[in-house]
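Engineer: Just need the structure, nothing else, for what follows:
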Amino acid sequence: MKLILKWLLSAVALLLVAHLYSGVVVSSFTSALIAALVIGLLNTIVRPVLVVLTLPATIITLGLFLFVINALMFWSASGLLAGFHVNGFAAALIGSLIYSLLGVVIEMALGKR
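Structural biologist: As a prediction, this is how the structure comes out:
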């Protein structure tokens with residue numbers, strides 16, 4: 001039940017990102033649900049591999065390169081889906097930052113349940 005609630009709240013967070021920042025476009029709630037699922041899958045499967053492969057860059061930048069990896073996951077999801085669009089890498093970076101902050105809020109809210 002908690003997983004479904006987190007998925008729904010992540011879709012709402014994506015809609016909020018699109019509302020707050022014009023560089024991210026989500027066409028509908030269904031597109032947001034699918035995009036949240038794809039972002040979650042990319043973060044579960046691809047992100048750990050990228051983190052390990054880019055470990056030297058992450059260490060040199062004191063962890064700041066992880067923001068680039070998050071942006072790449074966000075941008076990759078937009079490339080895979082029709083109803084979710086990100087206008088370039090800079091928009092992906094800003095959108096992923098907002099989405100990550102909203103994700104922290106979601107995690108805190110669900111952790112208190």
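
Engineer: Now the element after the biggest helix by length in the chain, going C-ward?
Structural biologist: Secondary structure of the chain per DSSP state H: the longest helix is helix 29-53. Next helix or strand after helix 29-53 toward the C-terminus (DSSP states H and E): helix 55-60.

Engineer: Report all helices and strands that that next one contacts.
Structural biologist: On a contact count with 3 or more CB pairs under 8 Å, 6 or more residues apart in numbering; DSSP states H and E, helix 55-60 meets helix 65-80. (C-beta placed from N, C-alpha, C; glycine too.)

Engineer: which helices and strands sit right next to the longest helix of the chain?
Structural biologist: helix 2-20, helix 65-80, strand 84-86.

Engineer: where's it relative to the chain centroid, distance-wise?
Structural biologist: Distance, stretch centre to chain centre, for helix 29-53: 7 Å (CA atoms, centre = their mean, to the nearest Å).

Engineer: With stretch 85-93 instead?
Structural biologist: Distance of stretch 85-93 from its chain centroid, counting by CA atoms, centre = their mean, is 11 Å.

Engineer: Thanks again, I'm all set now.
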